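A.B. asks: Take this sequence and fold it.
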Amino acid sequence: MYNKNIETMVSYFREGCKDTFMMGLELEHFVVDSQNALLPYSGERGVETLLGSLSSKYEEEYRMQGRLIGLWRKDCSITIEPAGQLEVSISPQTKAERVLEIYATFRKEVDELLTAWDCHLAECGYLPKGKAVSQELIPKKRYQYMDAYFAKIGDWGRRMMRGTAATQVSIDYTDEEDFVRKYEAAYKLMPILSWITDNVPVFEDTPNEQALIRTKIWQGVDGARTNVYDFLQGRPLSFQTYAEFAYNTSLIVVREAGEDKPTEKTAAQYYAERPIGREETEQILSMVFPCVRLKKVLELRGADSMPIEEALGYAVLVKCILEKPGRAENWLESVGIRTIEQADALTSILLEKGEKADFNGQSIKELTDSLFAFAELFCEEKDKKYLQLLQKRKDKI
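C.D. replies: Prediction:
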């Protein structure tokens, strides 16, 4: 059964292969009051009430245990993260301007409601105010089980669930070879991409001086599920080896007969005697958390939440560097980030030294300026303003 289920997962990845290059953008927000305190999920001025007020503008509602937890329409969807962080997922697009149009409509609808409450959306990588562990979890059993599991490991997993917000860009891959190329390049780029998008002014009610705090949090969550290369131990990356990584990691949560249930078994143990289908495959893949995650797209998960223009700059940067074979590899070679180990070393240097970090005789500012200049070579003229906005934000810090 092991080999059969691995093949089911590999087939799922193959279904994701596309000849086009499109980008999906997911942007998480904190819903906060006038003092920047997080709104609860429940209550008259809560996230569930906000979703209910928006519901007529969407085609479908998502409910869990009778409670409203998401909305969908053809160009975007709204879901909520464990402590009520509001995530808008914009359908895959080829043009940044179309992403901006869809997002602007979403914001107009949400902002009108929140302004009446004297509340607003905040885009940053960590809670702008308050302690993460004191925040209410939404009524979703999956998150309750994850919270109990992470509580056994330490505080990082609970802080991740309740306190973080991200910008996620998803990109297509054409085939298995293209997946490997893009995955490895994205992983090697991730320390610099995370640095460029670092946006955590406050951590646990204290001014933050730690660079890449979300990276530090994810490293502390559960190492077995956050780095596929640790699992591979030198074996080559492929659809199969990535499937094995996910299949041999503890599940935390399984879905049986429409209900979420806790388990500490791996998928290999849990499904040892029975085949998995699409729902089980998607659940298994959702329970590993590498900075680059494989599904039917590649998810780049290392960026903090940012205002939309800067998030678009990040999406444009990713497209310019990763769209065509050879681009990312040429730049990485030029700055000496040739291996996974070197990328990990750069992450460690950034965590330790922040803006004073240097790598191969280059400062982090020189590396980021080089990356932006390289990306501009391949950037459509109308999109350069987004790259420049992202670069200016980082230069001000």
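
A.B. asks: quick one, longest strand in the chain?
C.D. replies: Secondary structure of the chain per DSSP state E: the longest strand is strand 23-33.

A.B. asks: For it, C-alpha coordinates in CSV please.
C.D. replies: Output of strand 23-33 as CSV, limited to C-alpha atoms (Å, rounded to 0.1, in the frame of the first residue of the first chain):
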residue,chain,number,x,y,z
MET,A,23,0.9,33.6,-10.1
GLY,A,24,-1.5,33.3,-7.2
LEU,A,25,-1.3,35.8,-4.3
GLU,A,26,-2.4,35.1,-0.8
LEU,A,27,-2.2,38.0,1.7
GLU,A,28,-3.0,37.7,5.4
HIS,A,29,-4.2,40.6,7.5
PHE,A,30,-4.8,41.2,11.2
VAL,A,31,-8.2,42.7,11.9
VAL,A,32,-7.6,45.2,14.6
ASP,A,33,-9.4,48.0,16.6
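
A.B. asks: So which bits of the next helix or strand after it are buried?
C.D. replies: Note on strand 23-33: by DSSP states H and E, the next helix or strand toward the C-terminus is helix 47-54. For helix 47-54, burial by neighbour count (16 or more other CB atoms under 10 Å) applies to V47, E48, T49, L50, L51, L54. Quick note: C-beta positions are derived from backbone N, CA and C, even for glycine.

A.B. asks: With stretch 99-111 instead?
C.D. replies: V99, L100, I102, Y103, F106, V110.

A.B. asks: do you know how far the closest residue in space to K319 that isn't next to it in sequence is from W195?
C.D. replies: The shortest distance from K319 to any non-neighbouring residue, by CB to CB, 6 or more residues apart in numbering, is to M23 (5.9 Å). With the distance defined as CB to CB, to the nearest Å, M23 ends up 21 Å from W195.

A.B. asks: go on, K141?
C.D. replies: 36 Å.

A.B. asks: Counting neighbours, go ahead and name the busier of the two.
C.D. replies: W195 (25 against 15; other CB atoms under 10 Å).

A.B. asks: so what does the longest strand of the chain touch, helix or strand wise?
C.D. replies: strand 86-93, helix 96-116, strand 119-122, strand 166-171, helix 308-322 (3 or more CB pairs under 8 Å, 6 or more residues apart in numbering; DSSP states H and E).

A.B. asks: Skipping its backbone neighbours, what lies nearest the residue lying farthest from the centre of the chain in space?
C.D. replies: Distance from the centre of the chain peaks at E273, with 32.8 Å (CA atoms, centre = their mean). Closest residue in space to E273, ignoring its immediate chain neighbours: M1 at 6.2 Å, by CB to CB, 6+ apart.

A.B. asks: again with P128
C.D. replies: N36 (4.3 Å).

A.B. asks: what's the neighbour count on that neighbour?
C.D. replies: Quick note: N36 (other CB under 10 Å) scores 16 neighbours.

A.B. asks: and the gap between it and G130?
C.D. replies: Using CB to CB, N36 is found at 8 Å from G130.

A.B. asks: Can you classify the residue positioned nearest the centre of the chain as helix, strand or coil?
C.D. replies: Nearest to the geometric centre of the chain sits R301, at 3.1 Å (CA atoms, centre = their mean). Three-state assignment for R301 (DSSP: H, G, I helix; E, B strand; the rest coil): strand.

A.B. asks: how about it, what does it touch?
C.D. replies: A166, Q168, F289, P290, C291, V292, R293 (CB atoms under 8 Å, 6 or more residues apart in numbering).

A.B. asks: re earlier: of the helices and strands packed on strand 23-33, flag the one that's most buried.
C.D. replies: Among these, ranked by average contacts under mean count of other CB atoms under 10 Å, first place goes to helix 308-322 (a mean of 25).

A.B. asks: picking up where we left off before, turn the helices and strands packed on strand 23-33 into TSV, columns for distance to D230.
C.D. replies: As requested, the helices and strands packed on strand 23-33 are arranged in TSV below (distance: least, CB to CB, whole Å):
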stretch	distance to D230
strand 86-93	28
helix 96-116	34
strand 119-122	34
strand 166-171	22
helix 308-322	23
